[in-house]
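S.K.: The following comprises the amino acid sequence and a computationally predicted model.
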Amino acid sequence: MSGNSDDYEAAQKSPASETVAAFSERKGALARLQHALHVNPALIPLFVLVTSIVLFGLLLGTKFFSPFALTLILQQVQIVGIVAAAQSLVILTAGIDLSVGAIAVLSSVVMGQFTFRYGLPVEVAVTAGLIFGTLIGSMNGWLIAVMKLPPFIVTLGMWQIVLAANFLYSKNATIRSQDIEQQAPLLQFLGTTFKIGADVDGRGGATFTFGVIAMVLIFAVLSYILSQTAWGRHIYAVGDDPEAAQLSGVNVKRTLISVYAVTGFICAIAGWALIGRIGSVSPTSGQLLNIESITAVVIGGISLFGGRGSIMGPLFGALIVGVFTLGLRLAGADAQWTFLLIGALIIGAVAVDQWIRKVSA
């Protein structure tokens with residue numbers, strides 16, 4: 001017996017056994033990291049965001065690392081951020097919405113036309129724009145949930161329809177900033193700036209817009225809804241497995257229609273913010289919002305396969321794009337470097353998502 005015990009102890013101390021133990025320890029640490037990212041998918045974009053801010057701050061100094069520059073990033077990404085919040089809801093259901101940008105622009109055009117063409121009170125015009133966005137989103141949801149059409153095809157077609165309706169209805173005419181300022185300043189409300197921390201002469205400090213506040217509030221409200229309400233849990237359930245969700249009592253059709261309706265409503269808010277951002281009502285604005293919103297969502301760690309991700313991730317994703325854009329511009333780099341780095345981040349984010357998904361495989 002003692003001989004067998006000695007042999008066993010020798011085997012335990014052999015180089016081969018120590019290698020296996022070290023491998024198991026490394027594998028265990030990797031698995032723990034994988035599980036942590038699975039539970040908190042927003043950690044990666046948050047890490048990338050903080051790292052990029054620190055690196056550009058060290059590289060550019062106070063030219064980048066100042067309240068004005070950092071809040072300028074928020075102003076630049078406010079429209080994309082709001083639309084990304086809307087896009088996130090759809091992607092969490094394993095869908096996609098290519099019409100978000102067109103909905104935002106048409107909603108802004110409706111607000112402008114109802115005010116200047118029909119002479120309606122600006123409050124009524126803004127409400128009408130929000131209703132139009134919600135109705136278009138509801139139509140997308142009905143075609144997808146009830147007619148069982150693929151989200152990509154439905155929203156691709158709706159993108160073209162809304163885009164054409166936008167130009168036909170507006171007659172490709174822009175409502176000038178001066179006219180809005182004089183007759184309907186409420187249309188530009190979300191573009192109104194205010195400062196925090198400025199001196200007595202109004203210099204310095206951080207500059208914000210009400211559009212930035214609206215973006216932050218939208219993400220905060222959606223974060224609460226998705227984590228604390230039944231509707232939020234239903235969205236994740238539908239995105240993860242719609243058949244299982246249906247069997248567990250979730251009304252999948254109603255959930256999908258409501259998601260696309262809320263998406264349209266949020267896009268209409270983005271359209272209102274767009275007027276404030278550019279100052280005018282232009283049917284040619286916001287043409288890349290669909291691609292930019294998907295970019296922010298993917299970089300933000302929400303899985304394109306649905307059912308997994310944090311709503312705060314797309315906010316970090318939009319800010320990452322803003323940080324790279326401003327940082328490289330201040331550094332004097334060619335604008336194409338921004339697209340190159342963002343493209344690499346997109347591919348990297350999808351690769352990490354696939355790796356994290358193996359936790360539940």
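M.R.: Structure received.

S.K.: For residue 153, the count of nearby residues, please.
M.R.: Residues contacting residue 153 under the criterion other C-beta atoms under 10 Å number 12. Just so you know, the C-beta spots here come from the backbone N, C-alpha and C atoms, and that holds for glycine as well.

S.K.: Next, it: secondary structure please.
M.R.: Under DSSP: H, G, I helix; E, B strand; the rest coil, residue 153 falls in the helix class.

S.K.: how far away is it from residue 86?
M.R.: Between residue 153 and residue 86 the distance, using C-beta to C-beta, to the nearest Å, works out to 19 Å.

S.K.: could you list every residue that touches the most centrally placed residue in the chain?
M.R.: Nearest residue to the geometric centre of the chain (C-alpha atoms, centre = their mean): residue 84, 2.6 Å. For residue 84, the contacting residues are 292, 293, 296, 297, 300, 314, 315, 317, 318, by C-beta atoms under 8 Å, 6 or more residues apart in numbering.

S.K.: among those residues, which two are most distant?
M.R.: Using C-beta to C-beta, the contacts of residue 84 reach their maximum pairwise distance at 292 and 315, which is 13.5 Å.

S.K.: Wait, residue 139 touches residue 158, no?
M.R.: Yes: Residue 139 is within contact range of residue 158, at 7.2 Å (criterion: C-beta atoms under 8 Å).

S.K.: who has more neighbours, the two?
M.R.: Comparing residue 139 with residue 158 by other C-beta under 10 Å, the one with more neighbours is residue 158, at 23 against 19.

S.K.: and that one, what does it touch?
M.R.: Going by C-beta under 8 Å, 6+ apart, residue 158 touches 98, 99, 102, 136, 139, 140.

S.K.: who wins for most neighbours among these?
M.R.: Neighbour counts for those, by other C-beta under 10 Å, peak at residue 140, which reaches 32 neighbours.

S.K.: ok so that one is a helix residue?
M.R.: Yes: Residue 140: assigned to a helix according to three-state DSSP.

S.K.: where does the stretch 251-361 of the chain have low pLDDT?
M.R.: Applying pLDDT under 70 to the stretch 251-361 of the chain flags the ranges 357-361.

S.K.: And the helices in it?
M.R.: Using DSSP state H, counting those that start in this stretch, the helices of the stretch 251-361 of the chain run over residues 252-278, 289-299, 312-330, 336-357.

S.K.: Any buried residues in the third one, and which?
M.R.: For helix 312-330, a neighbour-count test (16 or more other C-beta atoms under 10 Å) marks 312-328 as buried.

S.K.: just the first one next, same as before
M.R.: When burial is assessed from 16+ other C-beta under 10 Å, helix 252-278 yields the following buried residues: 252-253, 255-278.

S.K.: Which elements pack onto it?
M.R.: Applying 3 or more C-beta pairs under 8 Å, 6 or more residues apart in numbering; DSSP states H and E, we find helix 252-278 packed against helix 67-92, helix 100-116, helix 122-145, helix 210-228, helix 230-240, helix 242-247.

S.K.: most neighbours per residue, which of those helices?
M.R.: Of all the helices and strands packed on helix 252-278, helix 100-116 carries the top mean neighbour count, a mean of 28, counting by mean count of other C-beta atoms under 10 Å.

S.K.: Next, the angle from that helix to helix 252-278.
M.R.: Going by axes from the mean of the first three to the mean of the last three C-alpha atoms, to 10 degrees, helix 100-116 is angled at 60 degrees with respect to helix 252-278.
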